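A.B. asks: Quick one: sequence and predicted model below, then my questions.
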Amino acid sequence: MADSRPSAAASSAAELPERFEDLIDEVHVLRLPMVTRFRGITEREIALLPGPDGWAEFSPFTEYGTEEASRWLRAALEFAGLLPGDRASRPTAGSAAEEEPQTVAVNATLPACPAEEVESVLARYGHVGTVKAKVAEHGIDSLADDLARLRQFRRILPDTTLRLDANAGYSLAEAQRACTEFADFDLQYFEQPVAGVEDMARLREELADRDLPIVLAADESIRKAEDPLRVAALGAAEVIIVKVQPLGGIAAGRSVIDACGLPAVVSSALESSVGLAAGARLAAQLPRTDRSRALLGDSPACGLGTVRLFASDVVADDAGMRPVDGFVPVTRIAPDPDRLQSLAVDPGRFDWWARRLQQCWSRLRLGERERGEGAG
C-alpha cells in the first residue's frame, strides 16, 4: 500500500497542499450494485481512501455540487486522520464517548418496493427491533402503494417498531393528508415529511391540533439548513437525524446534536461498510437523556444497517457492518483488496471522480485556511 500519511506541507491549515494528490496518493473508486432500487438508483458510486487512522469513504451523490460535496470530503479526511488539528473520530475526555459501547442498535430499511417484496427485503436484515420504511417516492401519488406496503409490513411484524421517512416528498397539505392515513400504524416517528423548517413547524402544530399521535423527525432540515438551531427554535421536530458525511464529520455531528438539544438518531448516507463505521462511531457517542429514552428507548436504533441494500459490499459478506441480531460493531473497516479490484469503475469514471475530489479539496482547503487564520 502506498504511504498515505499527510505530507509535511499538511502539518498546518495554512500549509495544506494545493493538489489533492499531494495530500494522499491512493484513492479507489468503486461501483456497488444494489439489491433493489433506492433513492432512484440501482448502483452506488463511492471513493475510498486510507489515512493514518484507517480507511474512510467519500461518497456524495453524483448530482451534488462542489459546495455540498466538500463537506463530505471533510468528513472522510477527518475520519482517516488526514486533516491537521483535532482528531474528532476518536473519543474525547469528558465526552459521552469516554466508554463507548462495542455495538450499536440499527434499524432495517424498507425501500419503496412492491408489497409482495416486503418479507424478502426485510429477511436480509435478520432479526431487528425497528424498521424504517421509505414513503412518498412519487409524492402523494405513492400513497396507495405506501399504505399497501405498510399493511403488509404490519401483517408480518405486528409488534416491530416502525418509522417512516418521506425525504421531504410532500407539500404541507399532502403531508397532512398522509399523516391522517399513517397515524393508524403506531409510528415511533415520521422523518422529514415536508422540505422546509417552517412547514415542518406548521405540520407539527396541525398534528397537535388534530390530536394525531405522530412525532416528527428532521433529516434534510439538519443536513442542509445553514442553522440547525432553527429546527429546535421553531419547534419543527422532536427528533433529529444526523449523518456524518453530509454534516462534515463526527465533530460536526456532535456539535449539531449538542446545539439542538434534541434526541438524535444517526443514519446512513447509503455508504459501504467503510463509511458506516464512521456513523457507528458517532452513534456510540449519542447522549442519553430522559427525553431521548421516552421517545427512542434506552438504545436508539440507528439507520446504519443499510449495507444490506447492496448486492456487494467492499468486504466479504460475513464481515463489515452487516447487522447481526439488530446490531453492528463500533470498529474500523478495511476494504478487501480483491473487492477494490472487482468493483472498480472504468478509467473514464475514475477520472471524473478525481476531478471532483480536486474541486472539493480546493473548496475545503480554502475553508480550512480561513478557519486557521480565524483561530490565529
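C.D. replies: Happy to help now that I have it.
A.B. asks: Let me know the distance separating Asp25 from Arg339.
C.D. replies: 20 Å (Cβ to Cβ, to the nearest Å). In this view, the C-beta of every residue, glycine as well, is placed from N, C-alpha and C.
A.B. asks: do Met321 as well
C.D. replies: For Met321 relative to Arg339 (Cβ to Cβ), the value is 14 Å.
A.B. asks: What segments of the stretch 151-300 of the chain are helices?
C.D. replies: 172-182, 197-209, 220-223, 229-233, 244-247, 250-260, 273-283, 290-296 (DSSP state H, counting those that start in this stretch).
A.B. asks: Looking at Asp25 and Arg339, which has the bigger crowd around it?
C.D. replies: Arg339 (19 against 12; other Cβ atoms under 10 Å).
A.B. asks: can you list the weak-confidence ranges in this protein?
C.D. replies: Counting by pLDDT under 70, the chain shows low-confidence ranges at 1-14, 85-99, 223-226, 368-376.
A.B. asks: Name the residues of the longest helix anywhere in it that come out as buried.
C.D. replies: Longest helix in the chain, counting residues (DSSP state H): helix 347-375. For helix 347-375, burial by neighbour count (16 or more other Cβ atoms under 10 Å) applies to Phe350, Trp353, Arg356, Leu357, Gln359, Cys360, Trp361, Arg363, Leu364, Arg365, Glu368, Gly372.
A.B. asks: Just checking: what are the partner strands of the helix or strand where Ala105 lies?
C.D. replies: Taking DSSP states H and E as the criterion, Ala105 maps to strand 103-105. Its sheet considered, strand 103-105 pairs with strand 327-329 (antiparallel) by DSSP bridges.
A.B. asks: Let me know the secondary structure of Gly331.
C.D. replies: That one is not Gly; residue 331 is Thr. Three-state call for Thr331 (DSSP: H, G, I helix; E, B strand; the rest coil): coil.
A.B. asks: Enumerate every residue touching it.
C.D. replies: The contact partners of Thr331, taken as Cβ atoms under 8 Å, 6 or more residues apart in numbering, are Ala277, Ala280.
A.B. asks: That one and Asp338, how far apart?
C.D. replies: 20 Å.
A.B. asks: Then Val345?
C.D. replies: In terms of Cβ to Cβ, Val345 sits 16 Å off from Asp338.
A.B. asks: So those two - more neighbours on which side?
C.D. replies: Val345 (18 against 9).
A.B. asks: Isn't the more buried one up against Val29?
C.D. replies: Yes: at 4.9 Å, Val345 counts as touching Val29 under the criterion of Cβ atoms under 8 Å.
A.B. asks: list residues touching both of the two?
C.D. replies: With Cβ under 8 Å, 6+ apart as the test, Val345 and Val29 both reach Glu45, Trp353.
A.B. asks: Just list the residues touching the nearest residue to Gln358 once chain neighbours are set aside, thanks.
C.D. replies: Nearest residue to Gln358 in three dimensions, chain neighbours excluded: Phe20, at 4.9 Å (Cβ to Cβ, 6 or more residues apart in numbering). Residues in contact with Phe20 (Cβ under 8 Å, 6+ apart) are Leu357, Gln358, Trp361.
A.B. asks: That concludes my questions; thank you for your assistance.
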